[in-house]
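>>> Pasted the sequence and its predicted model underneath.
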Amino acid sequence: MTQERSPESGPRDAATAASPGAEITTTDCRQCGAQVSGLNNRYACSYCGWVNHWAEGSNVLPSAEDDPDHPGR
C-alpha cells in the first residue's frame, strides 16, 4: 500500500532535514524506463537495479566527517 502526502502535511523527512538544499528529483530509468525519484539527481531503480553514477548528482556529496553518525564524532 502506497500512501502519498503533501510536503505541507507534516514534518520533513530525515534526508531533507539533514541536507540543506536537498531536492527530490524524478527521471526515467535508463535501463527499464520506469519512473524513479531520487535526491539531488541521484537515482536507483527498484525494478531493475539500475543506479546512476554518483558524480551525475547536482551537488557535492558531504564527507564522512560531515555525517552526524560518523564514529569520530
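Arrived safely, thanks for sending. Residues are numbered from 1 along each chain as shown.

>>> who does the spatially closest residue to G57 that is not a sequence neighbour bridge with?
Leaving aside its sequence neighbours, G57 sits nearest to R42 (Cβ to Cβ, 6 or more residues apart in numbering; 4.4 Å). To be clear about C-beta, it is placed using only N, CA and C from the backbone, and glycine gets the same treatment. Beta bridges link R42 to L39, judged by DSSP bridges.

>>> doesn't W54 make contact with R42?
Yes - using Cβ atoms under 8 Å, R42 is in contact with W54, at 6.4 Å.

>>> any common contacting residues for those two?
Residues touching both R42 and W54 (Cβ atoms under 8 Å, 6 or more residues apart in numbering): none.

>>> what about these two, which has more around it?
R42 (17 against 8; other Cβ atoms under 10 Å).

>>> How much space separates that one from V51?
Distance from R42 to V51, counting by Cβ to Cβ, to the nearest Å: 8 Å.

>>> pLDDT weak spots in this structure?
1-20, 73 (pLDDT under 70).

>>> What residues does the closest residue in space to G49 that isn't next to it in sequence make contact with?
Leaving aside its chain neighbours, G49 sits nearest to Q31 (7.9 Å; criterion: Cβ to Cβ, 6+ apart). By Cβ under 8 Å, 6+ apart, the contact list for Q31 reads C45, C48, G49, W50.

>>> now those as TSV including secondary structure and neighbour count?
Formatted as TSV, the contacts of Q31 follow (DSSP: H, G, I helix; E, B strand; the rest coil; neighbours: other Cβ atoms under 10 Å):
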residue	secondary structure	neighbour count
C45	coil	20
C48	coil	13
G49	coil	10
W50	coil	15
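
>>> Thank you kindly, that will do.
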